[in-house]
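Asks: the sequence isn't on hand, but the structure is:
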């Protein structure tokens, strides 16, 4: 029994072909949109690549770019096929191609669905990459005179100003690292040398943050030194939460930024998948209805169209039997010591040289 059988007249088949031609061209545009979204996400990730560890976070934009290009090619071909299917005689040139086209497009739409799900699952990789990358960037913040790292101070400062954040998880992360280079420390001061000697690793640690952590919306002048010393500043207590620093960590700020982007892209890809699936369903109905018209021999007659000629179980059983038969045909009979050529009859006669005489048997001495 056919699955979702629908009866088509000549007029309905022609209208279906025309509508599918338009929808395939719309799908070409959606493919270009997927390509653009993948390119946009790749640029956004590369824009702050120095703040991310070497993690596999590029697989989502790469897949979106590939899916977008393939979608443009597939739907361009689909539009051509549907345009020709308005004329039953022109359908003959595509008859042998349409079924492989539908099968390939079905697996392609599955890849589109996988791409949509990947957009929602890349948050974990982004979180880990940002955590490790920001930690490294903060550690090299002071190395303004080191080749390859001299740009990190500006990068981190611009990040904290743009995203209104401070540190990796918060402003206290700056207390755990030396973010001022030794070249800017006055070693003649006893306070500086004592602080360096008091640290096991010889680092100059203090309860201060860079200027870019200052909250520009605070009416009070920024307190970025001796943050935990409430006696060092008038009418100040850092434990009351009245800090004029950005409280949110940059990892959280960037993670929210990228999560919003990938979830929006994921929703777009999911809608595209539903649209592609609907177009594929229409092409399947068009293909089966036109093949039934050819069987009937009358191009103006009514014909049935369906998604599957048999039920799901029967179709699965038939395909499984085909796979099993292919496997059996590829097996080699190894019953006789593994040699498939044993017991194979031959019609050729033995040739014993120019005289064509068999050799004499040499008696064995007893």
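Replies: That came through fine. In this text, all values refer to a predicted model and were calculated from it rather than measured experimentally.

Asks: quick check on residue 52: phi, psi?
Replies: Backbone geometry at residue 52, expressed as degrees, to the nearest 10, gives phi -120, psi 140.

Asks: for it, give me its contacts.
Replies: Shown in contact with residue 52 (Cβ atoms under 8 Å, 6 or more residues apart in numbering): 45, 126, 129-130, 132-133. Every C-beta, even on glycine, is put in place using the N, C-alpha and C of the backbone.

Asks: put together TSV for these, with pLDDT and distance to residue 195 on each row.
Replies: Shown next, in TSV, are these (pLDDT from 0 to 100; distance: Cβ to Cβ, whole Å):
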residue	pLDDT	distance to residue 195
45	91	39
126	91	37
129	92	33
130	93	31
132	92	28
133	92	28
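
Asks: low-confidence ranges, the chain, go.
Replies: Residues of the chain meeting the criterion pLDDT under 70: 1-3, 55, 239-242, 310-312, 315-324, 326-366.

Asks: the residue sitting nearest the centre point of it is in what secondary structure piece?
Replies: Note on the chain: the residue nearest the mean C-alpha position is residue 60, at 2.7 Å, using Cα atoms, centre = their mean. Using DSSP states H and E, residue 60 maps to helix 59-84.

Asks: re earlier: wait, the residue nearest to the centre of the chain touches residue 115, no?
Replies: Yes. Residue 60 is within contact range of residue 115, at 7.5 Å (criterion: Cβ atoms under 8 Å).

Asks: can you flag which of the contacts of residue 52 belong to helices?
Replies: By the criterion of DSSP state H, membership of the contacts of residue 52 in helices covers 45, 126, 129-130, 132-133.

Asks: among those, which two are most distant?
Replies: 45 and 132 (14.8 Å; Cβ to Cβ).

Asks: hang on, the earlier thing: what is the subsequent helix or strand relative to the helix holding residue 60?
Replies: Sequence order places helix 88-91 as the next helix or strand after helix 59-84, per DSSP H and E.

Asks: right, and the helix or strand after that next one?
Replies: Following helix 88-91 toward the C-terminus (DSSP H and E): helix 95-121.

Asks: dihedrals phi and psi, residue 6?
Replies: Residue 6 adopts backbone torsions of phi -130, psi 140, taken as degrees, to the nearest 10.

Asks: ignore what I typed, I meant residue 214.
Replies: Torsion angles, degrees, to the nearest 10, at residue 214: phi -70, psi 140.

Asks: bridging residues for it?
Replies: As for beta bridges, residue 214 partners with residue 245 under DSSP bridges.

Asks: so it sits right up against residue 245, yeah?
Replies: Yes. If you go by Cβ under 8 Å, residue 214 and residue 245 touch, sitting 6.3 Å apart.

Asks: shared neighbours of these two, anything?
Replies: Common neighbours of residue 214 and residue 245 (Cβ under 8 Å, 6+ apart) are 222, 224.

Asks: after the host helix or strand of residue 290 comes which helix or strand?
Replies: Using DSSP H and E, the element containing residue 290 is helix 250-296. Per DSSP H and E, the first helix or strand lying C-terminal to helix 250-296 is strand 303-305.

Asks: tell me the strands beside that following strand, with direction?
Replies: strand 6-8 (antiparallel).

Asks: list of residues touching the strand it pairs with?
Replies: By Cβ under 8 Å, 6+ apart, strand 6-8 touches 16, 285, 289, 302-306.

Asks: and it, how far out from the chain middle?
Replies: Put simply, strand 6-8 sits 39 Å off its chain's centre (Cα atoms, centre = their mean, to the nearest Å).

Asks: one more: stretch 45-55?
Replies: Distance, stretch centre to chain centre, for stretch 45-55: 17 Å (Cα atoms, centre = their mean).

Asks: start the count at 729, not 1, going forward
Replies: Shifting the count to begin at 729 puts that one at stretch 773-783.

Asks: so residue 962: helix, strand or coil?
Replies: Each residue gets one of three states, and residue 962 gets coil by DSSP: H, G, I helix; E, B strand; the rest coil.

Asks: ok, now which ones touch residue 953?
Replies: By Cβ under 8 Å, 6+ apart, the residues touching residue 953 are 934-936, 960.

Asks: redo that, cut-off 10 Å
Replies: Each residue near residue 953 by Cβ atoms under 10 Å, 6 or more residues apart in numbering is listed here: 934-937, 960-961.

Asks: what's the answer for residue 755, then?
Replies: 748, 799-800, 802-804, 806-807, 1000, 1003-1004, 1006-1008.

Asks: one more pass at 6 Å, please.
Replies: Neighbour list for residue 755: 803, 1007 [criterion: Cβ atoms under 6 Å, 6 or more residues apart in numbering].

Asks: measure it to residue 801 for me?
Replies: Counting by Cβ to Cβ, to the nearest Å, the separation of residue 755 from residue 801 is 11 Å.

Asks: quick check: neighbours shared by the two?
Replies: Contacts common to residue 755 and residue 801, judged by Cβ under 6 Å, 6+ apart, are absent.

Asks: mind listing what's buried in stretch 736-747?
Replies: The neighbour-count check on stretch 736-747 (16 or more other Cβ atoms under 10 Å) flags 736, 740-741, 744-745 as buried.

Asks: nearest to residue 892 among those?
Replies: Nearest to residue 892 among those, with distances taken as Cβ to Cβ, is residue 744, at 54.3 Å.

Asks: A strand includes that closest one, no?
Replies: No. Assigned with three-state DSSP, residue 744 falls outside any strand and is helix.

Asks: correct me if wrong: it contacts residue 1014.
Replies: Yes. In this structure residue 744 lies within contact range of residue 1014 using Cβ atoms under 6 Å: 5.4 Å.
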